[in-house]
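Q: Okay, predicted coordinates and the sequence, questions at the end:
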Amino acid sequence: MAMVRLKDVAARAGVSLVTVSKVLRDAPDISAPTKIRVRRLAAEMGYVPNSSARCLRGATTRLFGLVLAAATHPHAALILTALEEQTHRLGYDLILAHSLDLPEREEVVIRRLLSRRVDGLFLCPVYRLEPHALIYGELATRGTPTVILGPHAPFCEPFPGVEVDDMAASSQVTRHLLQLGHRRIAFFAGPQILPAARERLEGYRRALRGAQVPWDDRLIFNAGSTLEEGGHAARQMLAEAPQATAVQAFDDLVALGAANVFLDQGLRLPRDLSITGFGNLLLSEHFRVPLTTVRQPGMRLGLAAAELMQQLLAGRTAPSQRLAADLVVRASSGPAPASAPLVARAG
């Protein structure tokens, strides 16, 4: 079957090539009835726009690239859903690639997206200690419209972005525990290479300072970001006996891994020990003891990112945005116990 061309649609519709082109681009100066009639005819005839030809003529590809560590992460999935919805509304298609949190793979997938001549990039960065990253420098030099999804780091500083206000959200969690009467709050810290981990630790520190609760290094444990690492931190805390009455974890996985250990040791949550997470994973709500946590605004982040991209494509300045997150109080946090240190029960 011969390929249906734009001029075939124009001839069948009895309009000019320019009119058909404008209809398919959803130009505002074409009437709604004409748009409906031409689009219906184009669909009946099996017309498919030749994006490669448009690209060769110097037009936009109507494509965006999106790089995530893994779309299976619930927070990333919400961002992806919102971005796909918004870009579709704008007449763009979204090409998804995974970095798997590997800098080398991130560079490869970004280059592949650039080879597709995408009109812009949404990037959830792979964080590194180095202040510069070659591929991000190239993006800045090329002037590729780029929106960062997540906290900024020095290597991606030239680009606007959207992120959760991790510091404020973490402070809110700490204040929640303080209001429940806790003064010995252990903090299970995430990987310090991650800006979010540093911000959440700082939010905890600021809330303690605001309540005039002394800082105690013995209450800080390196806990990573996984169930296994959370469990290891819990066992370490029980062994070191810092007399904590609450644990504030970097994320939900760390909190759940730790909570499993505490429960298996015979501790009652929250009667003997309160624990909180960050992220509001689905599992958190349905855990053995539903987890107090922070709900991140994934959908709002995606919508805000799409708005920033529109501003960049229009040649306007696009200021970065920090969005507030919500504290979700569930059964895992309660009043501080008045009894002896928790390790007495754990023994």
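A: Structure received.

Q: Can you show me the strands along this structure?
A: Ranges of strands in the chain, per DSSP state E, are 63-68, 93-98, 120-123, 146-149, 161-164, 185-189, 220-222, 246-249, 274-276, 293-295, 321-323, 326-328.

Q: any idea which of those strands is most buried?
A: Burial of the strands of the chain is given as mean neighbour count (mean count of other C-beta atoms under 10 Å); strand 246-249 ranks first at a mean of 31. Where you see a C-beta, it was placed from the backbone N, CA and C, and this is true even at glycine.

Q: Please name every helix or strand in contact with it.
A: Packed against strand 246-249 by the contact rule (3 or more C-beta pairs under 8 Å, 6 or more residues apart in numbering; DSSP states H and E) you find helix 166-179, strand 185-189, helix 227-240, helix 252-264, strand 274-276.

Q: Near Pro191, how many other residues are there?
A: 15 (other C-beta atoms under 10 Å).

Q: Let me see the confidence value for it.
A: Pro191 is assigned a predicted lDDT (pLDDT) of 95.

Q: How about Ser339?
A: Confidence score, pLDDT, at Ser339: 61.

Q: ditto for Arg117
A: pLDDT recorded at Arg117 is 91.

Q: quick one: pLDDT of the nearest residue to it once chain neighbours are set aside?
A: With C-beta to C-beta, 6 or more residues apart in numbering as the criterion, Arg117 has its nearest non-adjacent residue at 5.0 Å, and that residue is Thr61. Thr61 carries a pLDDT value of 89.

Q: Hmm, Leu194 is touching Arg128, no?
A: No. With contacts counted by C-beta atoms under 8 Å, Leu194 stays clear of Arg128, the gap being 10.4 Å.

Q: Neighbour count: the two, which is higher?
A: Neighbour tally, Leu194 and Arg128, criterion other C-beta under 10 Å: the higher count belongs to Leu194, 18 against 14.

Q: Report the separation between the nearest residue to that one once chain neighbours are set aside and Gly302.
A: The spatially closest residue to Leu194, leaving aside those adjacent along the chain, is Tyr127, at 5.5 Å (C-beta to C-beta, 6+ apart). Distance of Tyr127 to Gly302, computed by C-beta to C-beta, to the nearest Å: 20 Å.

Q: now Ala325
A: 15 Å.

Q: Apart from its neighbours in sequence, what residue is nearest Arg105?
A: Arg105 sits nearest to Ser99 (C-beta to C-beta, 6+ apart), 5.4 Å away.

Q: partners of the nearest residue to Ala259 once chain neighbours are set aside in the sheet?
A: With C-beta to C-beta, 6+ apart as the criterion, Ala259 has its nearest non-adjacent residue at 5.3 Å, and that residue is Ile275. Assessed by DSSP bridges, Ile275 has beta-bridge partners Val247.

Q: give me every residue that touches Ile275.
A: 246-249, 255, 258-259, 262, 269, 291-292, 332-333 (C-beta atoms under 8 Å, 6 or more residues apart in numbering).

Q: shaky segments in the stretch 1-150 of the chain?
A: 1-3, 48-59 (pLDDT under 70).

Q: Which stretches in it count as helices?
A: Secondary structure of the stretch 1-150 of the chain (DSSP state H, counting those that start in this stretch): helices at 6-13, 17-24, 32-45, 51-56, 74-89, 103-115, 134-142.
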